[in-house]
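# Model the structure of this input:
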Amino acid sequence: MDNLKRIEEAVVNGKIDEVKKLTRQALDEKIPPSDILNKGLIKGLEIVGSLYECQKIFVPELLMAGMAMKEALALLKPTLEKSDIPPAGKMVIGTVKGDVHDIGKNIVSMIFTGSGFQVTDLGIDVSAQKYVETVEKEQPDILALSCLYTPTRLAMIDVIKLLQEKNLRNKVKVIIGGAPIDQNFSDMIGADGYAPDPPSAVKKVMAWLGK
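Down below sits the predicted model:
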């Protein structure tokens, strides 16, 4: 079995130390970092996403795979930067004003980072003003809004309204998620889309960006 296949399987099994060790070995063997990322790490993550959607694995396994991806990407980052390979995209993410829950958001952030995105994580209890200032500064492809409480989802409306007021709404795709969110709510507030879980978020965003 080649190293890339072993990396893929280690990601699927959430073996963080094994993924790091195999990534180092692959770099030592002069395997192109883009191949390590796309043919090893991301391929493993795609399998994890499919298993999660089929309910063959659950949040803990998803979290471990995300952590493994994040650790491996930290090893790859210097080489990827030297090779001038652009990130898969840029994302700004945060939990909306009034909500302090971040487990789901953190998993999404880790998985997008592991998928090669440049992610700016604003944390929890993020105001509409903070989101919009960051969009203006970072010019991301994607703005991801998260919440857990039903009342706090209304803060997402404020973010979209302020983006419109600042003439930024057509410059960024807005994806929303969290326990009280569904497609109807997404349509109602004018978001670009909704994802029920991290793997489907990655799939939707990749489709938006043509990847």
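
# Can you list the low-confidence ranges for the protein?
1, 84 (pLDDT under 70).

# Please enumerate the strands of it.
89-95, 117-121, 142-146, 173-177, 193-194 (DSSP state E).

# most neighbours per residue, which of those?
Of all the strands of the chain, strand 142-146 has the most neighbours on average by mean count of other Cβ atoms under 10 Å, namely a mean of 26. For the C-beta atoms, the positions are set from N, CA and C on the backbone; glycine is no exception.

# buried set for the longest helix seen in the chain?
Using DSSP state H to define each element, the chain has its longest helix at helix 59-82. Within helix 59-82, the residues scored as buried using 16 or more other Cβ atoms under 10 Å are 61-73, 75-76, 80.

# Tell me which two of those sit farthest apart.
Comparing all pairs in the buried residues of helix 59-82 by Cβ to Cβ, the longest separation belongs to Glu61 and Leu80, at 26.3 Å.

# how close does the spatially most central residue of the chain get to Lys21?
When Cα atoms, centre = their mean is applied to the chain, the residue found nearest the centroid is Phe112 (2.5 Å). Taking Cβ to Cβ, to the nearest Å as the measure, Phe112 falls 24 Å from Lys21.

# Equivalent analysis for Asp182, please.
Asp182 is 41 Å from Lys21, where distance means Cβ to Cβ.

# again, but for Tyr52
Taken as Cβ to Cβ, the span from Tyr52 to Lys21 is 25 Å.

# Out of the two, name the residue with the larger neighbour count.
Tyr52 (19 against 16; other Cβ atoms under 10 Å).

# Just confirm that one contacts Pro199, I think it does.
Yes. Counting by Cβ atoms under 8 Å, Tyr52 sits close enough to Pro199 to count as a contact (5.2 Å).

# which residues are common contacts for these two?
When Cβ atoms under 8 Å, 6 or more residues apart in numbering defines a contact, the residues bordering Tyr52 and Pro199 alike are Leu62.

# For Asn38, find the nearest of the strands of the chain.
Smallest distance to Asn38 across the strands of the chain (Cβ to Cβ): 13.4 Å, for strand 117-121.

# Contacts made by the closest one with the rest, please.
87-94, 105-106, 109, 112-113, 134, 138, 140, 142.

# redo that, cut-off 7 Å
Contacts to strand 117-121, defined as Cβ atoms under 7 Å, 6 or more residues apart in numbering, come from residues 87-94, 109, 112-113, 134, 138.

# As a markdown table, the residues you listed with distance to Ser127 would be great.
Converted to a markdown table, the contacts of strand 117-121 look like this (distance: Cβ to Cβ, whole Å):
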| residue | distance to Ser127 |
| --- | --- |
| Pro87 | 26 |
| Ala88 | 28 |
| Gly89 | 24 |
| Lys90 | 21 |
| Met91 | 18 |
| Val92 | 13 |
| Ile93 | 15 |
| Gly94 | 9 |
| Ser109 | 19 |
| Phe112 | 22 |
| Thr113 | 24 |
| Thr134 | 11 |
| Glu138 | 16 |
